[in-house]
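1. Quick one: sequence and predicted model below, then my questions.
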Amino acid sequence: MAALIAIGVVSAVATPVLPAGSTDDSIFAARMAEARAEHVEALPIGERIAAMGRLFLGTPYIAGTLDANSDGEHLIVNLRGFDCVTFYENMLALARIIREYPSPTTTDFERELTFLRYRNGKMDGYHSRLHYSIDYFYNNQQKGVLRIVTRDVGGTYAIYDDRAIDFMTTHRSDYKQLASDPAEYAAMLEIEGDIHAQKAFYYIPKKNVANVESKIETGDILGITTNIPGLDCSHTGIAVRLADGRIHFMHASSLKGKVIISPEPLADYLTHSSHQTGIIVNRPLEVSRKS
């Protein structure tokens, strides 16, 4: 119960402000120092993810943070602003390395981001990035990073979605890398076929989320599913249980323009958009510490 209350209290505290113009390296050092001072490394993985996320509350929302390069695929590290995917991904990476290494470095952080972000941990062009949320979750389950627990949490409420996931190739002109490179386009077509063949797309309808939220844990990574044709998830974030006993949603919000925790419970948050259909639940797994 102490951890539950602590989350509710900390979420209301302003995140320490860093000097204007802080670099990613300086932000990394400052936030890791703050996390160490709070002994975040001693927490279970889910609590670590939430604790790291609270240190970044108020960080600006910036769309398309991974598509700034025009000269091929490169690892982008940006702690100055997040979109919804890079927010949970960075918090997951930080939570893993603070336990994994006695004194994590920016090199450790970059290595971890590469491992999480790319198929089988290898960067090999634009198509090797795990663009679709269900592909990201599936591949990171294969890598031992997390476990997809949607069916465990949802029980009889969990629904299998057999739709073709092909938004990127059917909207090729919206993705400069696909529009300009036939090889990348062909590779993405194959990846979309593989996603459908995995038959791993289950979700819990939003009308049933309140019924199962007792099984959702702080630090679970959530994909918010959508009814947009060809697309799996339209938003992502992190589950946190606050002092009211309810699951809330920590995320980089385009509407609020920054990282927030939803003031209303997740089940209520999901009612705001007719395009949001439900959730996919992923439970991060613990990492072993390296000497």
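-> Sure, I can see it. Numbers count the residues shown, from 1 in each chain.
2. Now do the same contact list for the closest residue to Gly257 other than its chain neighbours.
-> Spatial nearest neighbour of Gly257, excluding adjacent residues (CB to CB, 6 or more residues apart in numbering): Tyr61 at 5.1 Å. Yep, even glycine has a C-beta here, placed from its N, CA and C like the rest. Neighbour list for Tyr61: 81-83, 252-254, 256-259 [criterion: CB atoms under 8 Å, 6 or more residues apart in numbering].
3. Please apply the same query to Tyr160.
-> Contacts of Tyr160 (CB under 8 Å, 6+ apart): 199, 201-202.
4. So which residue is dead centre in the chain?
-> Geometric centre of the chain, nearest residue: Tyr88, 3.1 Å, by CA atoms, centre = their mean.
5. Kindly state the beta-bridge partners for the residue nearest to Ser133 when sequence neighbours are not counted.
-> Residue nearest to Ser133 in three dimensions, not counting chain neighbours: Cys233, with 3.8 Å by CB to CB, 6+ apart. In this entry, Cys233 is beta-bridged to Thr225, by DSSP bridges.
6. wait, doesn't Cys233 sit right on Leu222?
-> No - with contacts counted by CB atoms under 8 Å, Cys233 stays clear of Leu222, the gap being 9.0 Å.
7. Quickly list what's touching both of those two.
-> Counting by CB under 8 Å, 6+ apart, the residues touching both Cys233 and Leu222 are Ile280.
8. follow-up on the earlier one: just confirm the residue nearest to the centre of the chain contacts Gly223, I think it does.
-> No - counting by CB under 8 Å, Gly223 is not a contact partner of Tyr88; they are 9.4 Å apart.
9. list the residues that contact both of those two?
-> Thr236.
10. Give the buried residues for the helix or strand that Gln141 is a member of.
-> Assigned by DSSP states H and E, Gln141 belongs to helix 133-142. With burial defined by 16 or more other CB atoms under 10 Å, the residues of helix 133-142 counted as buried are 133-141.
11. what about the strands in the stretch 151-291 of the chain?
-> With DSSP state E, counting those that start in this stretch applied, the stretch 151-291 of the chain shows strands at 159-160, 202-205, 221-226, 233-241, 247-253, 258-261, 276-284, listed in chain order.
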